[in-house]
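# next one to model:
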Amino acid sequence: MKNLIASVLWALTMCLAALPGVSQAQQSGAGGVWIQVAARPSLQEAQEEARDFASRLPDVSGYALGGGWYGIVIGPYARPDAEQVLRVYRAEGQIPRDSFITFSGNLRTRFYPVGAEADVPSTAPLTATGTEEEVAPVAEAAPVDTTVPDETPAQARQSERALTRDERMDLQIALKAAGFYTAGIDGAFGRGTRASMSDWQAARGYEPTGVLTTGQRQALMDEYNAPLISTGMARHTDARAGIALDLPLGEVAFSRYEPPFAHFEPAGDLGVQVLLISQPGNRRTLYGLYDIMQTLEIVPLDGPRERSGDRFTLEGRNDEIVSYTEARLDNGEIKGFTLVWPAGDEARRTRVLSAMQQSFTRLDNVLDPAAGMDDAQSIDLVSGLEVRKPRLSRSGFFVTANGIAVTTADVVNGCGRVTIDRDVTADVLLADAEAGIAVLKPQQALTPMATAPLAATAPRLRSALAVSGYSYGGVLGAPSLTWGALSDLSGLQGESHLARLELTAQPGDAGGPLLDKDGTVHGMLLPEATDGPTLPEGVRFALKGEVIRMALDKAGVGMPATQAAATGELPMSLLQKEATGLTTLVSCWD
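Residues are numbered from 1 along each chain as shown. As a prediction, this is how the structure comes out:
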């Protein structure tokens, strides 16, 4: 169906182009808009990319954008047609996902196509070194469609005097963003500002007077605000949450309240999401929210985080999204927002985020934490948002007082990040796939409640042994003891580094310590083998304590593990406490 729509659009465009004496601008009318598909800082790069797009798509043109940038656009189209073309070409993968609708006022001199259509030659642009580039003649961009009449220099100065200081500063900001102004933003139009205005006028084909007319000021601000215009930035007031701010309402729409969030789901093709944060609380509540936000899928692990006093900020990035969150506590109310934007569209994301930050206003009222809660709750959701889940979780146990732990080798294989003690990032000191053991060191200070007392001698055959592990990958919140018995001091083929057990354990128990009733650790439970013959139920294998010692020595840890002492059989409650203190959850994250 998508291919059919794209074909129809292509055919329609080609038919219109074939009509004698009818230009694209005439077909679209004076209010035609464009789809910007790329921007490059080099004219040569832009020309090559324009030719590449033109080999696959109709209506491709290239225009200077200002500030040394050159854009490739498709069009012009009437606005409804442009939106349809944008949707179809994105869906077909014909244009980048971050392509957007732009306006004639943002396009300057045309550099593609060249030849007969480029009938109004222009001076060749200068390169970064100040020399002329060898380029074909270029045509003027479509004129800005404005009802504001042009002014004489005297009229321009008179209208300029009516500007407020903020309006003057906005013009300086826009000139700086376009690459023409480098001084401070102070609202004073001195020699530097006048020179930048003159340079901007010359680059845009106006007479370089150094004083912008009303129409030129409008064109400059439209150029600067194009990223906001393309996303439909507009003021939004949420009386229930007690927040007002500018939002990209062309890309998001309000969905629901699930305190402490007001959810805005994607309404456009970019996949943008927004959360408004509103809840009563204190600093403890704020810090709890900070911790919870970092468990969500919409907050990737990589990125700067800052928490201080009565506020926090979180930024997370991966190959798909960039997420930014800020929240502040004031008068017993925590308010803020989260913006989730697709990766690869940084220029627009930055402008939208800045507009949201500058416009954010706290109003009376706050979301009721008890209101709007759904009866259908899930441990994998927080206020309707999916919690980030690890790719794989195993058990492990601490062997030193500074938090060095051992676990199975499979849990650290190919991980973007490994954590112990639920949220502490750990470095992999050793991963021995052949033996099946890994040694981990926490990146931050960690003091476990207990460390493993490794046995100096092997236990007796048929003696009772238990594995302490997070049987269900941490869902239960604490490790449990699963009892079994020692069947043999070697593997099925005589492997001396293994012990065979009669034990029914869960996948999450792998990596957990194997203890006797005295609390002595005799080894580490290995995961079930996925290759080879299918073994009877209850047959498991453990790595012996001597192999654990060798792995620690190889990892450079030496022999700091607690040595087991003859203490006699422990009460079950004390044994459970000791096992809980030395067992840790180990997780692999993408």
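# my guess is Phe53 contacts Ile72. True?
Yes. Between Phe53 and Ile72 a contact is recorded at 5.8 Å, counting by CB atoms under 8 Å. Heads up, the C-betas are built off the backbone N, CA and C, glycines and all.
# the two: who's more crowded?
Ile72 (27 against 21; other CB atoms under 10 Å).
# with adjacent residues omitted, what lies nearest to that one?
Residue nearest to Ile72 in three dimensions, not counting chain neighbours: Ala38, with 4.4 Å by CB to CB, 6 or more residues apart in numbering.
# measure how far the helix or strand encompassing that neighbour is from the centre of its chain, please.
Using DSSP states H and E, Ala38 maps to strand 33-40. Chain-centre distance of strand 33-40: 24 Å, with CA atoms, centre = their mean, to the nearest Å.
# right, and the helix or strand after it?
Using DSSP H and E, the helix or strand that directly follows strand 33-40 along the chain is helix 43-54.
# and that following helix, how far out from the chain middle?
Offset of helix 43-54 from its chain centre (CA atoms, centre = their mean): 30 Å.
# likewise stretch 100-110?
Per CA atoms, centre = their mean, the centroid offset for stretch 100-110 relative to its chain is 29 Å.
# one more: stretch 281-295?
Remark: stretch 281-295 is offset 20 Å from the chain centroid, using CA atoms, centre = their mean.
# ok, stretch 207-226 next?
Distance, centroid of stretch 207-226 to centroid of chain: 35 Å (CA atoms, centre = their mean).
# which secondary structure element contains Glu578?
Per DSSP H and E, Glu578 falls inside helix 572-582.
# and if you look at Phe264?
Assigning secondary structure by DSSP H and E places Phe264 in strand 261-266.
# and for Gln218?
Element membership of Gln218, judged by DSSP H and E, is helix 214-224.
# so which elements touch that helix?
With contacts defined as 3 or more CB pairs under 8 Å, 6 or more residues apart in numbering; DSSP states H and E, the packing partners of helix 214-224 are helix 153-161, helix 165-177.
# which of the ones you listed is buried the deepest?
Of all the helices and strands packed on helix 214-224, helix 165-177 carries the top mean neighbour count, a mean of 17, counting by mean count of other CB atoms under 10 Å.
# now render the helices and strands packed on helix 214-224 as a markdown table, adding mean pLDDT and distance to Tyr287.
Below are the helices and strands packed on helix 214-224 laid out as a markdown table (pLDDT from 0 to 100; distance: least, CB to CB, whole Å):
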| stretch | mean pLDDT | distance to Tyr287 |
| --- | --- | --- |
| helix 153-161 | 91 | 50 |
| helix 165-177 | 92 | 35 |
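# nearest to Gly268, of these?
Distance to Gly268, taken as CB to CB, is lowest for helix 165-177 among those, at 23.5 Å.
# need the contact list for Leu481.
Applying CB atoms under 8 Å, 6 or more residues apart in numbering to Leu481 gives the contacts 466-468, 515, 575-576, 579.
# and for Phe53 and Ile72, which residues touch both?
Taking CB under 8 Å, 6+ apart as the contact rule, Phe53 and Ile72 both touch 37-38, 60.
# orientation of the host helix or strand of Asp81 relative to strand 33-40 in degrees?
Element membership for Asp81, per DSSP H and E: helix 79-92. Interaxial angle, helix 79-92 versus strand 33-40 (axes from the mean of the first three to the mean of the last three CA atoms, to 10 degrees): 40 degrees.
# can I get the following helix or strand past helix 79-92 in CSV, CA atoms only?
Next helix or strand after helix 79-92 toward the C-terminus (DSSP H and E): strand 100-103. Output of strand 100-103 as CSV, limited to C-alpha atoms (Å, rounded to 0.1, in the frame of the first residue of the first chain):
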residue,chain,number,x,y,z
PHE,A,100,10.8,18.2,8.2
ILE,A,101,8.6,20.9,6.6
THR,A,102,10.3,24.2,6.0
PHE,A,103,9.3,27.5,4.3
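# which residues sit against the strand holding Ala38?
The contact list for strand 33-40 (CB under 8 Å, 6+ apart) reads 46, 49, 53, 61, 65, 69-79, 82, 85-86, 89, 95-96, 99-104, 107.
# narrow the residues you listed to those that are buried.
Listed as buried from the contacts of strand 33-40 are 46, 49, 53, 61, 65, 69-77, 82, 85-86, 89, 95, 99-104, 107; burial here means 16 or more other CB atoms under 10 Å.
# and of the shared contacts of Phe53 and Ile72, the nearest to Glu251?
The closest of the shared contacts of Phe53 and Ile72 to Glu251 turns out to be Val37 (CB to CB; 17.8 Å).
# could you report the neighbour count for Thr534?
Residues within reach of Thr534, counting by other CB under 10 Å, total 7.
# same deal with the one 3 residues further on?
By other CB under 10 Å, the residues close to Glu537 number 6.
# do you know how far the closest residue to it other than its chain neighbours is from Leu525?
Counting by CB to CB, 6+ apart, Thr504 is the residue found nearest to Glu537 once chain neighbours are left out, at 7.0 Å. Using CB to CB, to the nearest Å, we find Thr504 at a distance of 12 Å from Leu525.
# and these two? Which one has more around it.
Summary of the neighbour comparison: Thr504 and Leu525, criterion other CB under 10 Å, with Leu525 having more neighbours (28 against 13).
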